[in-house]
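1. Sharing a model that was predicted from the sequence below.
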Amino acid sequence: MARVFITGSSDGLGLLAAQLLVQQGHSVVLHARNEQRAREAMAAVPGAQKAVIGDLSSIAQTRSVADQVNGLGSFDAVIHNAGVGYRESRRIETDDGLPHVFAVNTLAPYILTALIHKPKRLMYLSSGLHQSGDASLKDLAWRERPWRGQQAYSDTKLHDVLLAFAIARLWPDVFSNALEPGWVPTKMGGAGATDDLQQGYETQAWLAVSEDAGARVTGEYFYHMRPRKPNVAARDQRKQEILLEACEGFSGVKLAHW
Ligand SMILES: NC(=O)c1ccc[n+]([C@@H]2O[C@H](COP(=O)([O-])OP(=O)(O)OC[C@H]3O[C@@H](n4cnc5c(N)ncnc54)[C@H](OP(=O)(O)O)[C@@H]3O)[C@@H](O)[C@H]2O)c1
């Protein structure tokens, strides 16, 4: 039995992965943005241990999520699943002065990775759209570029792969991988999405707990339980370091390089 923490497990792929892992007998801690969503998440995943609370668009609340998780002990696996989509039609600025989609999709997984006691496995939810993410890593806060919602989302999903591969390189004792679930019918994906929802959440759960040789790897990118070729920029160590330094600059949180 493994202990697994899943961000954004009040809905969609995170909720479905949590339900599956509990059914398999694992100990699962949920995460939701506020108390009401936490109650709803606990009701939807009977058997979950607890739900920690915090809005991941806020640096302070994200730090609090890490504290709450660490207060529960150590985890075998952490799934960085929470995300917001590509439909933000304007640059929504958070209280920390950052674009909302960057704060939730890029900075929050960075902060949680840096602050949560090191687990044995880390998973980062990316997207096929990461292939068109801006690999220059310039203007991460969208202060100079005219806003383009889909580009902003794609950029963050490239950041998630860069983060996964940076951790795989820096922490050789941890399995750190990224995955794309396909375009699936969740709140984010919408009802018209055409890919296989089940394979989307099964892949997260499999990477988190499976003893299969295929899941016990690091620095890989997955789609439906199989490796898939990621954007080549994600393997660039210099770009990985630029992203880590930028996230440290935005958050004041330092990631241990060991
Ligand atoms: N669906 C797709 O087609 C698709 C395709 C490629 C990649 N992905 C990736 O898969 C992951 C899961 O997406 P999904 O489709 O399951 O989306 P979803 O149904 O919209 O669920 C997203 C989850 O993240 C939570 N969340 C969002 N913003 C948050 C915040 N500021 N603070 C705390 N929690 C927050 C949501 O909470 P609430 O329920 O309270 O909103 C929800 O639990 C995302 O990283 C996404 O980028 C999805």
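-> Thanks, I have the structure now.

2. from here on, contacts and neighbour counts on C-alpha atoms
-> Noted.

3. Okay, and residue 162 sits in which element?
-> In this assignment (DSSP states H and E), residue 162 forms part of helix 149-170.

4. just how off-centre is that helix within its chain?
-> 9 Å (Cα atoms, centre = their mean, to the nearest Å).

5. averaged over its residues, what pLDDT does the next helix or strand after it have?
-> Next helix or strand after helix 149-170 toward the C-terminus (DSSP H and E): strand 175-180. In this model, strand 175-180 carries a mean pLDDT of 98.

6. can you check stretch 1-10 too?
-> On average, stretch 1-10 scores 98.

7. Could you list the buried residues of that stretch?
-> Buried residues in stretch 1-10, counting neighbours by 16 or more other Cα atoms under 10 Å, are found at 2, 3, 4, 5, 6, 7, 8, 9, 10.

8. could you dump these to TSV with distance to residue 109?
-> Converted to TSV, those look like this (distance: Cα to Cα, whole Å):
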residue	distance to residue 109
2	21
3	18
4	15
5	13
6	11
7	9
8	11
9	14
10	17
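
9. would you turn those residues into CSV with distance to the ligand and secondary structure?
-> Shown next, in CSV, are the buried residues of stretch 1-10 (distance: Cα to the nearest ligand atom, whole Å; DSSP: H, G, I helix; E, B strand; the rest coil):
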residue, distance to the ligand, secondary structure
2, 21, coil
3, 19, strand
4, 16, strand
5, 13, strand
6, 9, strand
7, 7, coil
8, 4, coil
9, 5, coil
10, 4, coil
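
10. Of these, which is the nearest to residue 38?
-> Minimum distance to residue 38 across the buried residues of stretch 1-10 is 6.8 Å, recorded for residue 10 (Cα to Cα).

11. which element is the residue lying closest to that closest one once chain neighbours are set aside on?
-> In space, and not counting its chain neighbours, residue 10 is closest to residue 41: 4.5 Å by Cα to Cα, 6 or more residues apart in numbering. Residue 41 is part of helix 35-44 when elements are defined by DSSP H and E.

12. Correct me if wrong: residue 77 contacts residue 122.
-> Yes: Residue 77 lies in contact with residue 122 (Cα atoms under 8 Å); the separation is 5.8 Å.

13. Overlap in contacts, those two.
-> residue 208 (Cα atoms under 8 Å, 6 or more residues apart in numbering).

14. The residue nearest to residue 209 when sequence neighbours are not counted: what's it in contact with?
-> Leaving aside its sequence neighbours, residue 209 sits nearest to residue 2 (Cα to Cα, 6+ apart; 6.6 Å). Contacts for residue 2 (Cα under 8 Å, 6+ apart) come out as 26, 27, 75, 76, 77, 209.

15. Mind pulling up the pLDDT for the closest residue in space to residue 47 that isn't next to it in sequence?
-> Spatial nearest neighbour of residue 47, chain neighbours left out: residue 22 (6.4 Å); criterion: Cα to Cα, 6+ apart. Predicted confidence (pLDDT) for residue 22: 98.

16. Quick check: residue 22 is in a helix.
-> Yes: Residue 22: assigned to a helix according to DSSP: H, G, I helix; E, B strand; the rest coil.
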